[in-house]
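Asks: Structure, please.
(chains A, B, C and D)
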Number of protein chains: 2
Amino acid sequence: MNSNITIYDVAREAAVSMATVSRVVNGNPNVKPSTRKKVQDAIDQLGYRPNAVARGLASKKTTTVGVIVPDISNIFFADLARGIEDVATMYKYNIILCNSDQNPEKEIHLLNTLLGKQVDGIIFMGGRLHEDLVREFKTSPVPIVLAATLNQDYDLPAVNIDYESAAHDAVKSLIDNGHKRIGFITGPLEQQINGEKKFAGYRSALEEANLPFDEQNVVLGNYTYDSGMKAMNQLLELGDACPRAIFAGTDEMALGVIHALQDAGHQVPEDFEVIGHDNTRLATMIRPKLTTVVQPMYDIGAVSMRLLTKILNKEEIETNDVTLPHRIEQRDSTRS
Amino acid sequence: MNSNITIYDVAREAAVSMATVSRVVNGNPNVKPSTRKKVQDAIDQLGYRPNAVARGLASKKTTTVGVIVPDISNIFFADLARGIEDVATMYKYNIILCNSDQNPEKEIHLLNTLLGKQVDGIIFMGGRLHEDLVREFKTSPVPIVLAATLNQDYDLPAVNIDYESAAHDAVKSLIDNGHKRIGFITGPLEQQINGEKKFAGYRSALEEANLPFDEQNVVLGNYTYDSGMKAMNQLLELGDACPRAIFAGTDEMALGVIHALQDAGHQVPEDFEVIGHDNTRLATMIRPKLTTVVQPMYDIGAVSMRLLTKILNKEEIETNDVTLPHRIEQRDSTRS
DNA sequence: TTAGCGAATGAAAACGTTTTACAATGAGGG
DNA sequence: CCCTCATTGTAAAACGTTTTCATTCGCTAA
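Replies: This is a model prediction of the structure:
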């Protein structure tokens, strides 16, 4: 029952003042080795465990950071969270994890809850930055970094990949395989990442190859497997005009695409080529294995957290806006 | 910049004492409506946000619970976490999430960190309860509930399904389809859940049908896709003696099994039947769709958290050891 | 010796709440 | 009209640390 044992009990046991105990606990060098030992023994004997809440109140640091993600049960965000947590652990931070479901009100509410809990910093991921949210971000008393979240109109610290160029590369690889019509199955266009970045990459690859843009080749999904299937089936209805190469905005949609194709009796990659986005674990759990754009979520999480620690430690920072490299992982859903 | 605004500032602004402000903030009914409004106005105007750390110190409650899981990036645990978080939110708690990687030392360390942070309770999930850990659990100053974690030798609050009977049902369904030899691809046997529960279910189903137990039909995996493939390939080497019906300990291994089979030119479910365990989202993202035992991780998380709140509120509790129902979801990897 | 100095220690004041113990005010009953 | 009892508000003591500032101690150098 080592609860209710305070620094004061330890001080009494070791016959020193609480200030000295505090010094020992915090590794302050100004303590005579013999005293240090005496205190340490008292700590061990009593099973003293410092109260982080009291510590937080006195020091105004909680060694806790808030993490807001859309939905931790999604493998994609879970990977991000793991990257964040690993680096947090490395720097002795804990994380308070919150799910926003991309709901703007909930996002603001969570932000305020976290600030109330006096977190030392926050890592945020969301699809669209509502302006009310940005306003709160700007007045936040603690630093906030954006992970895999677009930020072009503001200047908040952020970690991303270059989505436009990634999409460009993906589509180009399809074009290089001789396709003239490329299907694009995307998430909601309101989200900058889709509506501006990936879409722009898609179009620029087309233009570069002097291929016409045809609206009927782009179909909306909502990131899920089912929406991928549905989108592909819609494309299939185009008959002869149906594109034979598909770029899907997420791996999960890409799986849906492949299965829709297979269910319709087509062969991937012989009849249709498919390329996904994200390189989640799913990509290797399908036959054919999925060629995909790798968006390194774990790394984005890790780098975000590292960036946050740099800000917290007031370390020198080259740039607030980090762009991580991307690449295409060639597997079997495309012809090499 | 609504930081550094304290309850005292609000009190001054509203011309009342800080205790009155505290009453308003905490919804204490003993405040005259006119006063309440005056205080509320001051709060709004100043943008006052109560400091949860100070509150925690004074009240000895942090409205925060610790969650220890093996690895949040695994879809299985992520689902659990989501269930926990949803119910936590419902009861105004936040969660501090930690990954243990099933490392016994890390588990103990995390437990101590969380206790240091004065969490109001803890939800723990792990594969094997090391006795040192259990000792710490027993002396914990706050309640701990086990989620999807076996607990038979101790009497800690826990939420599980009946793994033995679930495995029994799965194997029986295979036997009912006429199979005499049933393969069992399992996770590490040191973990009670495998070595005792699921394994016992497997054997009892065999016995019940007067089928012989043959050791070469059970193969060890480590929960992953790759280990599932490998295990199936090992079984395949048995040639004619290879079981034509497989019960895999996790969905991910089941996917590996199916792909190993398909890669070897076999048809599922025509030549081989496969049944998985957990019913993760993966199950529907494979062809054929996976028949699987549903272990409702989200529900287990939600119920665990609910149980914890009951303990925290000192509500009446029927039983500490909750067993949730399981069932088999029939899909296409088995013949109906 | 002793003045002077740095290192080691201690005392006490924050930190921002909740909570307790009272005091003041107001209303109702005799 | 006074007394009592609610009701509402106030003051101050926790809560368990960190941190600042002062003090003491033990040496070194003069």
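Asks: So the residue lying closest to A:M232 once chain neighbours are set aside, which state does it fall into?
Replies: Leaving out its chain neighbours, the residue that sits closest to A:M232 by C-beta to C-beta, 6 or more residues apart in numbering or on different chains is A:A260, at 3.8 Å. (C-beta placed from N, C-alpha, C; glycine too.) Following DSSP: H, G, I helix; E, B strand; the rest coil, we place A:A260 in the helix state.
Asks: Report the contact partners of A:A260.
Replies: By C-beta atoms under 8 Å, 6 or more residues apart in numbering or on different chains, the contact list for A:A260 reads A:G228, A:M229, A:K230, A:M232, A:N233, A:L236.
Asks: now these as TSV including secondary structure?
Replies: As requested, these are exported to TSV (three-state DSSP):
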residue	secondary structure
A:G228	helix
A:M229	helix
A:K230	helix
A:M232	helix
A:N233	helix
A:L236	helix
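Asks: List just the nearest of those residues to DNA strand D.
Replies: Proximity of the contacts of A:A260 to DNA strand D (C-beta to the nearest atom of the strand) peaks at A:G228, which lies at 52.1 Å.
Asks: Wait, that closest one touches A:F247, no?
Replies: No - assessed by C-beta atoms under 8 Å, A:G228 is found out of contact with A:F247, at 11.7 Å.
Asks: Could you report the separation of the most centrally placed residue in chain A from DNA strand D?
Replies: Chain A has A:L80 as the residue nearest its centroid, 4.0 Å off, counting by C-alpha atoms, centre = their mean. Distance of A:L80 to DNA strand D, computed by C-beta to the nearest atom of the strand, to the nearest Å: 31 Å.
Asks: Could you pull up phi and psi at that residue?
Replies: phi -60, psi -50 (degrees, to the nearest 10).
Asks: Just say helix, strand or coil for the nearest residue to it once chain neighbours are set aside.
Replies: Among residues not flanking A:L80 along the chain, A:G301 sits closest, at 4.1 Å (C-beta to C-beta, 6+ apart). Classification of A:G301 by three-state DSSP places it in helix.
Asks: repeat for the one 5 residues further on
Replies: Look at A:R306: counting by three-state DSSP, its state is helix.
Asks: contacting residues for A:C98?
Replies: Listed by C-beta under 8 Å, 6+ apart, the contact partners of A:C98 are A:G66, A:V67, A:I68, A:V69, A:L110, A:T113, A:L114, B:E85, B:N94.
Asks: Can you classify it as helix, strand or coil?
Replies: Under three-state DSSP, A:C98 comes out as strand.
Asks: Any idea how far the stretch of helix or strand A:F76 belongs to is from the middle of the chain?
Replies: Per DSSP states H and E: A:F76 is located in helix A:75-90. The chain centre lies 8 Å from the centre of helix A:75-90; the measure is C-alpha atoms, centre = their mean, to the nearest Å.
Asks: Which strands and helices lie in contact with it?
Replies: Applying 3 or more C-beta pairs under 8 Å, 6 or more residues apart in numbering or on different chains; DSSP states H and E, one finds that helix A:75-90 contacts strand A:64-69, strand A:94-99, helix A:297-312, helix B:75-90, strand B:94-99.
Asks: Switch those over to JSON lines; also include distance to B:I7 and mean pLDDT.
Replies: Below are the helices and strands packed on helix A:75-90 laid out as JSON lines (distance: least, C-beta to C-beta, whole Å; pLDDT from 0 to 100):
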{"stretch": "strand A:64-69", "distance to B:I7": "22", "mean pLDDT": "98"}
{"stretch": "strand A:94-99", "distance to B:I7": "23", "mean pLDDT": "98"}
{"stretch": "helix A:297-312", "distance to B:I7": "27", "mean pLDDT": "98"}
{"stretch": "helix B:75-90", "distance to B:I7": "25", "mean pLDDT": "96"}
{"stretch": "strand B:94-99", "distance to B:I7": "21", "mean pLDDT": "98"}
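Asks: Would you mind listing what in chain A touches DNA strand D?
Replies: For chain A, the contact set with DNA strand D under C-beta under 7 Å from any atom of the strand comprises A:4, A:6-8, A:18-19, A:22-23, A:25-26, A:48, A:50-51, A:54-55, A:57-59.
Asks: So which of those residues are in helices?
Replies: A:I7, A:Y8, A:M18, A:A19, A:S22, A:R23, A:V25, A:A54, A:R55, A:L57, A:A58, A:S59 (DSSP state H).
Asks: picking up where we left off before, just among the contacts of A:A260, which is most surrounded?
Replies: Compared across the contacts of A:A260, A:G228 has the highest neighbour count, 31 neighbours, by other C-beta atoms under 10 Å in any protein chain shown.
Asks: Next one: it relative to chain B, how far apart?
Replies: Separation of A:G228 from chain B (C-beta to the nearest C-beta, to the nearest Å) stands at 10 Å.
Asks: Could you pull up the residues touching that residue?
Replies: A:G228 makes contact with A:I185, A:G221, A:A248, A:T250, A:E252, A:M253, A:A254, A:L255, A:G256, A:V257, A:A260, according to C-beta under 8 Å, 6+ apart.
Asks: from those, which is closest to A:D240?
Replies: Using C-beta to C-beta, A:A260 is the member of those that sits closest to A:D240, with 17.8 Å.
Asks: so where do the strands sit in chain A?
Replies: A:64-69, A:94-99, A:121-124, A:144-147, A:158-161, A:182-186, A:218-220, A:245-248, A:273-278, A:291-294, A:321-324, A:327-329 (DSSP state E).
Asks: from the middle of its chain, how far away would the second one be?
Replies: Using C-alpha atoms, centre = their mean, the mean C-alpha position of strand A:94-99 is found 13 Å from that of the whole chain.
Asks: now do the last one
Replies: On the basis of C-alpha atoms, centre = their mean, the separation between the geometric centre of strand A:327-329 and that of its chain is 18 Å.
Asks: Give the buried residues for that strand.
Replies: A:I328 (16 or more other C-beta atoms under 10 Å in any protein chain shown).
Asks: Can you list the strands that that strand pairs with?
Replies: Note on strand A:327-329: by DSSP bridges, its sheet partners are strand A:291-294 (antiparallel).
Asks: export the strand it pairs with as PDB, just CAs?
Replies: Backbone C-alpha positions of strand A:291-294 (Å, rounded to 0.1, in the frame of the first residue of the first chain) are rendered in PDB as follows:
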ATOM      1  CA  THR A 291       1.100  -2.400 -55.400                       C
ATOM      2  CA  THR A 292       0.700   0.700 -53.400                       C
ATOM      3  CA  VAL A 293       2.000   4.200 -52.600                       C
ATOM      4  CA  VAL A 294       3.600   4.000 -49.200                       C
END
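Asks: contact partners of it?
Replies: By C-beta under 8 Å, 6+ apart, strand A:291-294 touches A:166-167, A:169-170, A:251, A:254, A:273-279, A:283, A:326-334.
Asks: run the last query once more with 7 Å
Replies: A:166, A:170, A:251, A:254, A:275-279, A:283, A:326-331, A:333-334 (C-beta atoms under 7 Å, 6 or more residues apart in numbering or on different chains).
Asks: Mark which of those residues are buried, thanks.
Replies: Listed as buried from these are A:166, A:170, A:251, A:254, A:275-279, A:283, A:326, A:328, A:331, A:333-334; burial here means 16+ other C-beta under 10 Å.
Asks: out of those, what pair is the most spread apart?
Replies: In the buried ones among the contacts of strand A:291-294, two members sit farther apart than any others by C-beta to C-beta. They are A:H326 and A:S333, at 17.8 Å.
Asks: Just give me the neighbour total for the closest residue to DNA strand C within the stretch 201-336 of chain A.
Replies: Per C-beta to the nearest atom of the strand, A:L312 is where the stretch 201-336 of chain A lies closest to DNA strand C, at 18.4 Å. A:L312 has 17 neighbouring residues, counting by other C-beta under 10 Å.
Asks: Tell me how many other residues surround A:E13.
Replies: Under the criterion other C-beta under 10 Å, the count of neighbours that A:E13 has is 18.
Asks: Quick one: residues contacting the residue nearest to it when sequence neighbours are not counted.
Replies: Leaving aside its chain neighbours, A:E13 sits nearest to A:A42 (4.0 Å; criterion: C-beta to C-beta, 6+ apart). By C-beta under 7 Å, 6+ apart, A:A42 lies in contact with A:V10, A:E13, A:A14.
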